[in-house]
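Novice: Quick one: sequence plus predicted model below, questions after.
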Amino acid sequence: MKICFILLLAISCWRGSSTVTPPSPIVYKRNDATTVKISTENYDKYNEVESVTNGRGRRYVPNDVRNIRRGRDTLREWAERKEAHTAQIIKQPEGRQTISGHTEKYHQTAVDLTKKNRELYEKVKAARAENKTKILKGVARQNPMIYLDGSTFKMGVNDPRSKTGEYPVKSVAVRPFKLDRYPVTNGDFMAFKRNKIRYKTTAEKAGFSWVFFKDKSRNAGLADPARQQSARWWYGVKGAYWRQPGGEGSNVMDRLFYPVVHISYFDAHAFCTWAKKRLPTEYEWEYAIRGGLNGLRYPWGDKFKRNRSNLWQGLFPAENHQVDGHYSLAPVNAYEAQNNYGFYDMLGNAWEWTSTVYTEPRKTVNNKDKRYVAKGGSFIDSRDGKFNNEARCAARLGLRPNYTAGNIGFRCARTVELPELKPKDITTTTQRPPKHHRYEDTWTYKVKQVVQEVFQNIKDSVKLEGEL
């Protein structure tokens, strides 16, 4: 008896330990190109089924599915029943639909959730629009725009030695427009990124940007030796972008009112579009920096003033005397307004993108090497051009649109819509139709008749005297 009991126990244990191989997926294709797929793959391991509803890949474990038998025949019957009512529950005119392991009630719940998600999406969309409006109002308060009437002004310099197309002086007409009082700051760009979470700048995509170092060995841990400009003090630094201007470990949280840098032309254009503005043209930018003073070297006049702009003052790159108070970048309001129009930080500190394509005299533009004009100079430029670029109102630089560095930023402009001029109302009086006169009624005929009568009277008088 004991031996038989042990044998029966062993057989039952052996049967209990054996696993049933899950059947292969069963696929039904209907005439409307909708696919119904029933799969029990890994059902024993996970006790769940994988579903894709309207393209959403998620895992669900409805209670009804837990009770489905694992046998192939039972599963096929369930699939046939499922195929009968699926068309009434979930419809997709185009493409395919894959459904697995759901009951009619569950599918109806999924459709309801989809509708709720749409309603929720509309609410989120409206909230984002309201949030964007608030953000834009905050940015506008910090960086108001200045209205400029526009007129004809003298652009360029009378310096034949200029190699960037500043020469010769030419008259340019500018229409009315608005321009930001300050360059776009780190705080402004942070507000943009908060609203456009998925947007990545050119430097973020590239993984590096150009950073100014006067001593490479001191910053060898940050610099990438494989990337170096022709100027030995610029290095491609890994992880450098607008939020980390010095590379990994740096941040802008204590520099929110500094000009945002490491910005490409594409980044500047994206910000301006988001802010419902645009980049200024080179002509508008130079019109604004001159402040109504035609032909002068600096925004405030012809005489250089050390404390009006952020330029390199000393032996470059060994020493910067910092007479202006800053070694590299400075806040956009570090100095008083630079011209009569009230603009800040247009000369020095950081170059600014414009929307004008860069051209040089006697050179054609190659679309593969297309560049855009940057204006204003930066903190490494000089007032007399002995090193780097000469900082003056007409200074210009041609940069590739994907170029980013620690001394290039931008400010925004806006087109001013002029009121439509309507012709004045002219009250017209009804004129009588022309009257055709006979020749006998004209003054010419009447005068001629009078003259003839006078002569005739004279003749008659002479004749009468002769007879007497």
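Specialist: Nice, thanks for sending it over. Numbering: from 1, shown residues only.

Novice: Could you verify my assumption that residue 316 touches residue 382?
Specialist: Yes. Counting by CB atoms under 8 Å, residue 382 is a contact partner of residue 316 at 7.1 Å. Where you see a C-beta, it was placed from the backbone N, CA and C, and this is true even at glycine.

Novice: shared neighbours, those two?
Specialist: Counting by CB atoms under 8 Å, 6 or more residues apart in numbering, the common neighbours of residue 316 and residue 382 are residue 388.

Novice: What residue spans form the domains of this protein?
Specialist: Structural domains of the chain, as assigned by automatic domain parsing, span the residue ranges 16-109, 143-415.

Novice: contacting residues for residue 404?
Specialist: 201-203, 206, 209-210, 241, 262-264, 267.

Novice: Please identify which two of these are farthest apart in space.
Specialist: Spatial extent of the contacts of residue 404 (CB to CB) is set by the pair 210 and 267 at 14.4 Å.

Novice: Which of the domains of the chain has the lowest mean pLDDT?
Specialist: Ranked by mean pLDDT, the domains of the chain end with domain 16-109 in last place, scoring a mean of 42.

Novice: ok, now which ones touch residue 265?
Specialist: 353, 372, 399, 401-403.

Novice: What subset of those is buried?
Specialist: Neighbour counting with 16 or more other CB atoms under 10 Å marks 353, 372, 399, 401, 403 as buried within the contacts of residue 265.

Novice: out of the residues you listed, who's nearest residue 246?
Specialist: residue 403 (18.2 Å).

Novice: Pretty sure that closest one sits against residue 266.
Specialist: No. In this structure, residue 403 is not within contact of residue 266 by CB under 8 Å, at 10.3 Å.

Novice: ok, which stretches of the stretch 251-400 of the chain are helices?
Specialist: Taking DSSP state H, counting those that start in this stretch, the helices of the stretch 251-400 of the chain run over residues 265-274, 282-290.

Novice: Can you point out the buried residues in stretch 375-394?
Specialist: Buried residues in stretch 375-394 (16+ other CB under 10 Å): 375-383, 388-394.

Novice: Could you tell me which of the residues you listed belong to strands?
Specialist: residue 375 (DSSP state E).

Novice: quick one on the thing from earlier: with respect to burial, which of the helices of the stretch 251-400 of the chain scores highest?
Specialist: Sort those by mean neighbour count, taking mean count of other CB atoms under 10 Å, and helix 282-290 sits at the top with a mean of 24.

Novice: If residue 241 is in a bridge, with which residues?
Specialist: residue 244 (DSSP bridges).

Novice: Now for it: which residues touch it?
Specialist: 201, 203-204, 209, 262, 404.

Novice: can you redo those residues as JSON lines with secondary structure and distance to residue 312?
Specialist: Output for the contacts of residue 241, formatted as JSON lines (DSSP: H, G, I helix; E, B strand; the rest coil; distance: CB to CB, whole Å):
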{"residue": "201", "secondary structure": "coil", "distance to residue 312": "26"}
{"residue": "203", "secondary structure": "helix", "distance to residue 312": "24"}
{"residue": "204", "secondary structure": "helix", "distance to residue 312": "29"}
{"residue": "209", "secondary structure": "strand", "distance to residue 312": "20"}
{"residue": "262", "secondary structure": "coil", "distance to residue 312": "20"}
{"residue": "404", "secondary structure": "coil", "distance to residue 312": "21"}
